[in-house]
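J.: predicted coordinates and the sequence they were generated for:
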Amino acid sequence: MSMATNESSVAPPAERRHVSTWTTREKIGRTLWYWVQATLFRLSPRPMYRWRAWLLRLFGADVHPTARLRPTVQIEVPWHLTIGESSSVGDLAILYCLGTIRIGRNVTISQYAHLCAGTHDFTRRDMPLLRPPIVVEDEVWLAADVFVGPEVTIGAGCVVGARSSVFEDLPAWSICVGNPARRVKERPRLSGD
């Protein structure tokens, strides 16, 4: 019994070749950033927040000078990153900025948090890269080990409990926990609001 091949399911060799979604300039920038992050950023003493913010701005990030990033933060594609005034990112957090990640003012991103602004279209055989954005509005706290998936907006004042996974938008001024994260109660407004 011979096995017939559906010709429409087998692409010619030229069409099967992988074509990068990254330009040559982006590839060079990512490589340079890799080396700067592994040395000047990672080896800088902990209190040198302004130095690390400056390095990120040198690579196209929009990082307020008062933002505080620990030296162990892992950042991919810094020119897709925005961090507002008085926000902080804790040790070993991952900001995977394949798409844009915008972090507002007075945001706390605790240790081991992972913001992932990239995915693949699994409905297609070639699984092309998708780069949906992530938005973290002002006054948010992402507790330890929180995962935030692509195309998510976390509303202002939201608190996301430790080890929660966020796959959908979360409402402002709420406390959310779980996998997937769900609103469990309202967060009291901060004094002065």
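T.: Perfect, thanks for sending it.
J.: what about the nearest residue to Leu40 once chain neighbours are set aside, which SS state?
T.: Closest residue to Leu40 apart from its sequence neighbours, by Cβ to Cβ, 6 or more residues apart in numbering: Leu55 at 6.0 Å. The way it works is simple: take the backbone N, C-alpha and C, and place the C-beta from them, glycine included. Classification of Leu55 using DSSP: H, G, I helix; E, B strand; the rest coil returns helix.
J.: return the set of buried residues in the longest helix seen in the chain.
T.: Longest helix in the chain, counting residues (DSSP state H): helix 24-36. Using 16 or more other Cβ atoms under 10 Å as the test for burial, helix 24-36 gives Gly29, Trp33, Val36.
J.: can you tell me which of those is closest to Asp138?
T.: Closest to Asp138 out of those is Trp33 (27.0 Å), distances taken as Cβ to Cβ.
J.: would you list the buried residues of helix 24-36 in JSON lines and tack on pLDDT and distance to Phe122?
T.: Shown next, in JSON lines, are the buried residues of helix 24-36 (pLDDT from 0 to 100; distance: Cβ to Cβ, whole Å):
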{"residue": "Gly29", "pLDDT": "96", "distance to Phe122": "28"}
{"residue": "Trp33", "pLDDT": "98", "distance to Phe122": "28"}
{"residue": "Val36", "pLDDT": "98", "distance to Phe122": "33"}
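J.: for whichever strand or helix holds Arg102, name the packing helices and strands.
T.: Using DSSP states H and E, the element containing Arg102 is strand 101-103. Here strand 101-103 touches strand 81-83, strand 134-136, going by 3 or more Cβ pairs under 8 Å, 6 or more residues apart in numbering; DSSP states H and E.
J.: turn those into TSV, including mean neighbour count.
T.: Putting these into TSV (neighbours: other Cβ atoms under 10 Å) gives the following:
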stretch	mean neighbour count
strand 81-83	23
strand 134-136	24
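J.: so for Ala61, which of the ones you listed sits nearest?
T.: Smallest distance to Ala61 across the helices and strands packed on strand 101-103 (Cβ to Cβ): 4.4 Å, for strand 81-83.
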